[in-house]
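1. Need coordinates for the below:
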Amino acid sequence: MKKTVTGWFIGILIAAMLSGCGARESGQGAEGVPGLAASQPAVQEQKGEGVMTYAEYVAAEEETPVVVETYVQAVQSLWEGMVSIYSEDYEGGYFIYDMYCSEEEYARLIPGQKIKVSGTKSKWSGEIEIIDAVIEFEEGSYIAPALDVTQLLGKEELIQYQNRFVRFEDLTVEAADRETGAVFMYKWDGSGKEGDDLYFNVSKGGQTFTFTVESDLCSADTEVYQAVKNLKIGDKVDLEGFLYWYDGVNPHVTSVTVR
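-> I've put the predicted structure just below:
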């Protein structure tokens, strides 16, 4: 998390939270899974004039202009007139960071809404994002199903699915703080308080990974935030969320299911 929230637009925020932390349809999201890396999108979408395909976006150099068409999947809270958006098309995911946004525009950023995004491709601590973005609202709707990437956790191939809505199954909850044995920490270093981001650790195949409940996406009164606070070391869990990157995989979790 790059900033601290100082203001909330309460009425609009409720809708935004529901978009990120409400119930979503789970599924494979790609034909041929478990052959994830080799699978092709189930739908080949025709892009508008001057709009990049996802492959062209991936190939674009950092700090160069990009134009994509994508669909809103979830939004973070509006902060000083700026918002960050998790979005996806039929081929891949896009994270739109700190876009200037009016309250009226924010109210239109509902799950499934098609948008055209013009901005600059950038990279921050491994996270590929679009900055200095301007959007146009377009006709069309798409909600991406959760793509099960459990088998890629800890493998280099996982980054190919960065910013997509994904699912991890049968993970084991580990201590977030080895000294105290705490299951979660407020902020990455434990310096926070209720309402801040939650950081927690899970393991799979002998490797341990840090997952986050991003408070700008899922606030303290959401089900997922409280679910993480109630976890116990050794719990087996299934997790869903957006495949964010911060010096390595650091998913922004929107759903926790204890097995």
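2. From here on, just use CA atoms for contacts and neighbour counts.
-> Will do.
3. Which stretches in the stretch 1-150 of the chain count as helices?
-> If DSSP state H, counting those that start in this stretch is used as the criterion, the helices of the stretch 1-150 of the chain fall at 10-21, 54-59, 103-108.
4. Just give me the lowest mean pLDDT stretch among these.
-> Lowest mean pLDDT within those: helix 10-21, at a mean of 49.
5. does the residue of the chain most remote from its centre sit in a helix or strand, and which one?
-> Residue farthest from the centre of the chain, counting by CA atoms, centre = their mean, is Glu179 at 29.5 Å. Assigned by DSSP states H and E, Glu179 belongs to no helix or strand.
6. for this protein, what helix or strand is lowest in average pLDDT?
-> helix 10-21 (a mean of 49; mean pLDDT, DSSP states H and E).
7. ok, Phe211 - contacts?
-> Neighbour list for Phe211: 199-202, 250-253 [criterion: CA atoms under 8 Å, 6 or more residues apart in numbering].
8. what about 6 Å?
-> Residues near Phe211 by CA atoms under 6 Å, 6 or more residues apart in numbering: 199-200, 250-251.
9. Then Leu198?
-> 185-187, 212-213.
10. Would you mind measuring from it to Phe95?
-> Distance check for Leu198 against Phe95: by CA to CA, to the nearest Å, it reads 20 Å.
11. one step back: closest one of the contacts of Phe211 to Gly48?
-> For these, the closest approach to Gly48 (CA to CA) belongs to Pro251, at 30.6 Å.
12. burial of the closest residue to Glu139 other than its chain neighbours, as a residue count?
-> Computed as CA to CA, 6 or more residues apart in numbering, the closest residue to Glu139 that is not its neighbour in sequence is Lys114, at 6.2 Å. Neighbour count of Lys114, defined by other CA atoms under 10 Å: 24.
13. Kindly state the domain boundaries assigned to the protein.
-> As recorded under automatic domain parsing, the domains making up the chain are 10-141, 147-258.
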